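**Q** Below are the sequence and a predicted model for it; my questions follow.
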Amino acid sequence: MFDERWAVVPARPVATRWATRRAEKLVLGVVHNVTAATRLFDVLPLIATDPRIQVLVACTGSSPFTPGTVEHLARLGVMSIDWAQAERTPFDLAVAAGYGGPLERLRAPLAVLPHGMGYNKYLEIGDRRPVFGLSAEWLTRDGRLIPSSVVLSHDEQLERLRLSCPEAVPVAVVAGDPCFDRMLASRPLRHTYRAALGVRSGQRLVVVSSTWGPGSLYDEAADVVRRLRVELPLDEYQVALALHPNTWFGHSRWQVRMWLAECERAGVVVLPPEEGWRASLVAADVVVGDHGSVTFYGAALGVPVLLATAAHDAVDPASAVGRFIAKADRLVPHRPLRRQLDAAKSNDEVSEIAALVSSVPGQSATLLRAEFHRLLRLAEPESPPEVRTLPVDRITTPPVVHQWVRVEFDTPDRAEVVRFPVDLRRCSPPDSHLVVGVDTPDATLLESAEIVVQDHEGDAERWIAAMFDALPGLGSASMPDHAGRWLVGTQDGTLLAFSGPTHVGRVWASVVHAWQLLATPFPAQVTVTLGDEEHTAEVRQLRAASR
């Protein structure tokens, strides 16, 4: 039968007698901000795939990080209604990933689950600082319990709930962590995620994670991001940054990109706020983080973790995260970072604490679907619920614009090449030269470059000649031609063509630079080592020196 409640949704075909599907139950997804939305849409498919159920979504508008939420929901293609309409409409179930806003006004049983790794942080209400999601200040209004179901991920949260809000214990359900379960299910795709993040054979992936607000890594130790990238060889390490969505939407995407522009030019892979961080944790070799959920998830996955900072006063010391930051190893800023990363390892004590991520790993989908259908008073589908793997989002990793390059020959036709991003705060590495891409925004570095490169195929000879006219102090210029060869021209008129792997084409100009310093004849073939990879190119001299 047609459900007359749908008539309250204006100007929507599904809200009229012309609806194609006649759902029996109406569910509201309650969204506070993008952070909560990402968790909510981990679990809504457990019921939204049921043809007996129609899901609508409403944003409370109560979060200081609401900007970006409407756009995020629009990209998902969900049907949204305004909050006033959500309050007027009777629903069979409402599901929220967090507290805040007038949830008590909803005319529906309400299930609330955490939008991070359980409930750990203090959050001020007036002059009090209760634990968010586990205290009476969040769970009750005027003495009445707000949620019909308090979803917890581990029994330890149930014990803390018993102390802080005992009246909520009868409606508490320990149902595991759906976010963590998706990461567990995605482990077979680890190498796929690494490739999507631009991690090459032999490289180590360092994931830097920052929660939001005072005391976070990006507040107290933001320079660690830049330092990690400029202190680690480009061909041996990849660095990815996961900032909390509240940082992105609290300051604006544009502003955050401006702050991170130098890091991105140095090669840091900046992950989008909505997704990507989970796949990066599955792919990671080491995590550098703080007291946020992402860092804890990394430890729960068995990845070695180093804390760059941790706001002990921001979390309940009895919580899983509070216990974790008390025992996790620290990154010491004034010591060489590479040595600390290479020595990082998991230990039994931290692993035991990290196991508090879930009492029922791998079972969250089953338990949550059962709870939602119980509240809906609807029989579950016969088929088991789907545990979805994480999406494979290929992240653009453009070439590092400014590089210090050192070439060391074993023989004239075999060399090891070591590359670092340029950091003008530090001296150049010994025996290195400056390579600058044409996409540099820094005119001073362009004028100072010993080698200028560009990556797009074209009339390479003409472009190389133009570069020497424009930059009189330039030593070499290089770009690929229409035949797919990398041409390298030098100040004395020499022109060489390299036929080999194109994705490492920038390196051939550095090889030529080193040959000329050593006054070495050009061999017919050359092999270079970049990190753990070897690349070989055929060398052809197109023009000899003319000046």
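**A** Received the coordinates, thanks.
**Q** Centroid-nearest residue for this protein?
**A** Closest residue to the average C-alpha location of the chain: W277 at 2.9 Å, with CA atoms, centre = their mean.
**Q** That one contacts S209, doesn't it?
**A** Yes. Taking CB atoms under 8 Å as the contact criterion, W277 and S209 are neighbours in contact, 7.2 Å apart. For glycine as for every other residue, the C-beta is placed from the backbone atoms N, C-alpha and C.
**Q** Show me the common contact partners of these two, please.
**A** Taking CB atoms under 8 Å, 6 or more residues apart in numbering as the contact criterion, the common neighbours of W277 and S209 are 242, 294.
**Q** Output the worst-scoring helix or strand of the chain on mean pLDDT as PDB, nothing but the C-alphas.
**A** Taking mean pLDDT, DSSP states H and E as the measure, the helix or strand of the chain with the lowest value is helix 136-139, at a mean of 84. Listed in PDB are the C-alpha atoms of helix 136-139, where the atom choice follows Å, rounded to 0.1, in the frame of the first residue of the first chain:
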ATOM      1  CA  ALA A 136      24.100  11.600  30.400                       C
ATOM      2  CA  GLU A 137      24.700  15.100  29.000                       C
ATOM      3  CA  TRP A 138      24.700  13.600  25.500                       C
ATOM      4  CA  LEU A 139      22.400  10.600  26.000                       C
END
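**Q** isn't T389 right up against L184?
**A** No. At 9.9 Å, T389 and L184 do not qualify as touching, with contact defined as CB under 8 Å.
**Q** The closest residue to L271 other than its chain neighbours: neighbouring residues, count only.
**A** With CB to CB, 6 or more residues apart in numbering as the criterion, L271 has its nearest non-adjacent residue at 4.8 Å, and that residue is A242. Other residues lying near A242 total 27 when counted by other CB atoms under 10 Å.
**Q** A242 against A279, yeah?
**A** No. With the criterion set as CB under 8 Å, A242 and A279 do not qualify as a contacting pair; they are 10.3 Å apart.
**Q** Phi and psi next, for D455.
**A** In terms of degrees, to the nearest 10, the main-chain angles of D455 are phi -100, psi -10.
**Q** Check the gap between it and R21 for me.
**A** If you measure D455 against R21 using CB to CB, to the nearest Å, the figure is 50 Å.
**Q** who has more neighbours, the two?
**A** Regarding D455 and R21, a neighbour count based on other CB under 10 Å identifies D455 as having more, with 17 against 9.
**Q** Find me the pLDDT at the more buried one, would you?
**A** Per-residue confidence (pLDDT) for D455: 89.
**Q** now do the one 10 residues further on
**A** We have a pLDDT of 93 for A465.
**Q** again with D3
**A** Per-residue confidence at D3 stands at 52 (pLDDT).
**Q** same thing with R226?
**A** R226 carries a pLDDT value of 93.
**Q** How about it, nearest residue that isn't a chain neighbour?
**A** Nearest in space to R226, with sequence neighbours left out and distances taken as CB to CB, 6+ apart, is C263 at 5.3 Å.
**Q** Also V357?
**A** Nearest non-adjacent residue to V357, counting by CB to CB, 6+ apart: A300, 4.1 Å away.
**Q** gap between the one you found and A355?
**A** When A300 is compared with A355 (using CB to CB), they lie 7 Å apart.
**Q** which residues do those two both contact?
**A** Contact with both A300 and A355 is made by no residue, according to CB under 8 Å, 6+ apart.
**Q** P317 contacts A326, doesn't it?
**A** Yes. Counting by CB under 8 Å, A326 is a contact partner of P317 at 7.0 Å.
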